[in-house]
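[1] here is the input, now give the coordinates:
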Amino acid sequence: MTIEQTETWQKLTAHAQTFQTPAHHLKELLKDPQRINAFSINVAGLWYDYSRQRVTTQTLKLLYQFAREQKVQKRFSDMTQGAVVNPTEDRAALHTACRQMNDDPIMVNDINVMPDIIAARKEAGDFCRKIHRGEIKSSVDKRFTHAVVVGIGGSYLGTQFVARALFTQADRGIQLHYLSNVDSHNFHAVWDQIDPEATLWIVISKSYKTAETLANVRLAVQWMLDQGLDPAHHIVTVTAKGSPGDNPSNPVLASFHMFDFIGGRYSVSSAVGAVPLGLYIGPERFDAFLKGMAEMDRHALTAPPNQNGPLTAALIAIWNNNLLGYAAQGIIPYASFLDKLAPHFQQLNMESCGKSVTLQNSPVNGSTGTFIFGEPGTNAQHSFFQLAHQGRPFPIDFVGVVKPNYPQFRDPQTNVSNHEELWANMMAQAAALAEGKDHPDPMRRCSGNRPSSTLVIRSLSPKDVGRLLAFYEHRTVYEAFLWNINPFDQFGVELGKTMAKDIRKKIIAAQTDATGFEKSSRPIEECYLTMLASGKLPENLLGKK
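    As a prediction, this is how the structure comes out:
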């Protein structure tokens, strides 16, 4: 039986129709003075307010019943204990084990994986401390002052989010850069910012076969050689044990191991984050970040449904997507240093939940996943909030920070600080989207009834940032479990890569064939290959055969 065939889903479908009535407009629901108490949760040090979502107590009652029927908390518990929850690749998914601070055993295939996880964490921390103390230097005996993360997707997005969020705590004398795109402009932009003689290149790839990453590695190696530098004293790898990046015949400064039970987009708490973030903010702060994640892990695992923040957020996401018909979601942090939250969550959620078949290989009825995008406030207000207020509606997560990291100047003209002005805008936008405004001029009328949630953390501390990141990880996993899909594979990503290999062969062949590219059975492909070879735009092709 599919989820759409269950009695509870049928009740939810009928219930959703009642939200077309004026009585269920958010401006009416918000008249209840107790609504903020009934529709908010303190979530392991993070406050989650969903009072401006288009839900009632009856909605939540049905959604929690749906979650119990899908046994998602049991599946989540199984996940944290090493069960195979990625059946297409026959793997566990143990990102939560990476932030476990004790050595309680977790078994995978009858093997306790915690000793290896703890050892990998210690190795990364010890390496970072040696770099900071100047015990490990470059090939020309310089202390490292720059580190370049070479990797794509989950190999850098989570690290980039955390590093940016903790910018004010980066006091270890290491500047962090990212070489993710195979576009040579990315490489040269990074190269122009670094001192090559004092730069450590951190190559992150589980398989060490990712084409874009290896192309960038080869480019970096050649440029180092051209500078008279020994790449073996400037490169570290974060990769699977025994991969080409963990090969003694290809020496590097150090190699740190990834585990096959941790997927890239869930990997920031592993060596993927421990090495670059340990260099950037220090291993002690990275451990505090892990402790914040671990607190959210315990909450997501043990809190009952009606007090479980990530589960409630996942249920509301499905309610908005599948039952109210919202196809997108905005992520709007009112904190500039959280500007990389939306790109990280975009990959985390869209790669995990963008599936078309269930775990039983049956077609999914309805849509899984949503379009995730975002920009920090107040910038977003002057970018796409016109659409948010008067165009096609979409739910929003506002994210606020109670205590800023910098001293605040109180403007003598307005008598408010910049931080208070920021909060005034965050609060006003959520209220305006929900309540709207009548006006005799239709051009000035705002319909309201546009849902949002607000998440608030105390500060941009390692612990709070860890809590926030883990909240979105667990929301994503719960969404997928509710849909009965696999959040840990990504076969859709592979198709384009496979086709790129065939095109790459044609590009290589044309370099040794004076006649250029062979005729392609794909006329559009042939057009672009010719453009690439000639360096010219095509003539007007209209009417040509």
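[2] contacts and neighbour counts: CA atoms only from here.
    Noted.
[3] okay, residue 516: pLDDT?
    Per-residue confidence (pLDDT) for residue 516: 59.
[4] no no, residue 542
    Reported pLDDT for residue 542: 62.
[5] quick one, what contacts the spatially most central residue of the chain?
    Geometric centre of the chain, nearest residue: residue 344, 2.5 Å, by CA atoms, centre = their mean. Applying CA atoms under 8 Å, 6 or more residues apart in numbering to residue 344 gives the contacts 157, 158, 161.
[6] which SSE is it in?
    helix 341-353 (DSSP states H and E).
[7] then residue 506?
    Per DSSP H and E: helix 491-512 holds residue 506.
[8] quick one: mean pLDDT for that helix?
    For helix 491-512, the per-residue pLDDT averages 87.
[9] got the angle between it and helix 341-353?
    100 degrees (axes from the mean of the first three to the mean of the last three CA atoms, to 10 degrees).
[10] from here on, count from 27
    Got it, first residue is 27 now, which makes that one helix 517-538.
[11] may I see the buried residues of helix 517-538?
    Across helix 517-538, burial judged by 16 or more other CA atoms under 10 Å covers 532, 533, 536.
[12] contact partners of stretch 206-213?
    By CA under 8 Å, 6+ apart, stretch 206-213 touches 175, 176, 177, 178, 179, 182, 205, 238, 239, 241, 242.
[13] count the neighbours of the residue nearest to residue 495 when sequence neighbours are not counted for me.
    Distances taken as CA to CA, 6 or more residues apart in numbering put residue 319 closest to residue 495, at 7.2 Å, once the chain neighbours are dropped. Other residues near residue 319 come to 29 when the count uses other CA atoms under 10 Å.
[14] now do residue 244
    11.
[15] what of residue 219?
    Counted with other CA under 10 Å, residue 219 comes out at 11.
[16] any idea how far residue 172 is from it?
    The spacing between residue 219 and residue 172, counted by CA to CA, to the nearest Å, is 9 Å.
[17] low pLDDT regions in the protein?
    538-547, 567-571 (pLDDT under 70).
[18] show me the domain layout of it.
    Here the domain parsing of the chain from automatic domain parsing is 29-96+329-509, 121-314, 519-560.
[19] could you dump these to CSV with distance to residue 111?
    Output for these, formatted as CSV (distance: least, CA to CA, whole Å):
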stretch, distance to residue 111
domain 29-96+329-509, 10
domain 121-314, 10
domain 519-560, 20
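[20] residue 105: which of those is closest?
    Closest to residue 105 of these, according to CA to CA: domain 121-314, at 8.8 Å.
[21] tell me the gap between the closest one and the middle of its chain.
    Taking CA atoms, centre = their mean, to the nearest Å, the mean C-alpha location of domain 121-314 is offset from the chain mean by 18 Å.
[22] ends of it, what's the gap?
    16 Å.
[23] for residue 104, find the nearest of the domains of the chain.
    domain 121-314 (10.9 Å).
[24] what's the distance between residue 42 and residue 81?
    With CA to CA as the criterion, residue 42 and residue 81 are 9 Å apart.
[25] make sure residue 282 is indeed in a strand.
    Yes: checked against DSSP: H, G, I helix; E, B strand; the rest coil, residue 282 lies within a strand.
[26] please verify my assumption that it contacts residue 147.
    No: assessed by CA atoms under 8 Å, residue 282 is found out of contact with residue 147, at 9.2 Å.
[27] which neighbours do these two share?
    With CA under 8 Å, 6+ apart, residue 282 and residue 147 have common neighbours residue 297.
[28] how about the helices in the stretch 427-571 of the chain?
    Counting by DSSP state H, counting those that start in this stretch, the stretch 427-571 of the chain has helices at residues 444-461, 488-509, 517-538, 549-560.
[29] ok, the closest residue to residue 51 other than its chain neighbours to residue 49 distance?
    In space, and not counting its chain neighbours, residue 51 is closest to residue 475: 5.6 Å by CA to CA, 6+ apart. Distance, residue 475 to residue 49, using CA to CA: 11 Å.
[30] ok, residue 522 next?
    For residue 522, the distance to residue 49 - CA to CA - is 48 Å.
[31] what do you get for residue 39?
    Taking CA to CA, one finds residue 39 at 18 Å from residue 49.
[32] pull the distance from the helix holding residue 532 to the chain's centre.
    With CA atoms, centre = their mean as the basis, helix 517-538 stands 27 Å off its chain's centre.
[33] against which helices or strands is it packed?
    Taking 3 or more CA pairs under 8 Å, 6 or more residues apart in numbering; DSSP states H and E as contact, there are no helices or strands that helix 517-538 lies on.
[34] what angle separates that helix from helix 549-560?
    Interaxial angle of helix 517-538 relative to helix 549-560 (the same axes, to 10 degrees): 50 degrees.
[35] picking that back up, return the residues in contact with the residue nearest to residue 51.
    51, 52, 53, 80, 459, 460, 461, 462.
[36] swap the cut-off to 7 Å and go again
    The contact partners of residue 475, by CA atoms under 7 Å, 6 or more residues apart in numbering, come to 51, 52, 53, 459, 460, 461, 462.
[37] would you list the phi and psi of it?
    phi 60, psi 30 (degrees, to the nearest 10).
[38] ok, now residue 208?
    Per degrees, to the nearest 10, the backbone of residue 208 is at phi -70, psi -10.
[39] among the contacts of residue 475, which pair sits farthest apart?
    Across the contacts of residue 475 (CA to CA), the longest gap, 11.5 Å, separates 51 and 459.
[40] okay, the two: which has more neighbours?
    Per other CA under 10 Å, whichever of residue 51 and residue 459 has more neighbours is residue 459, with 26 against 18.
[41] who's in contact with the more buried one?
    Applying CA under 7 Å, 6+ apart, we find residue 459 in contact with 415, 474, 475, 476.
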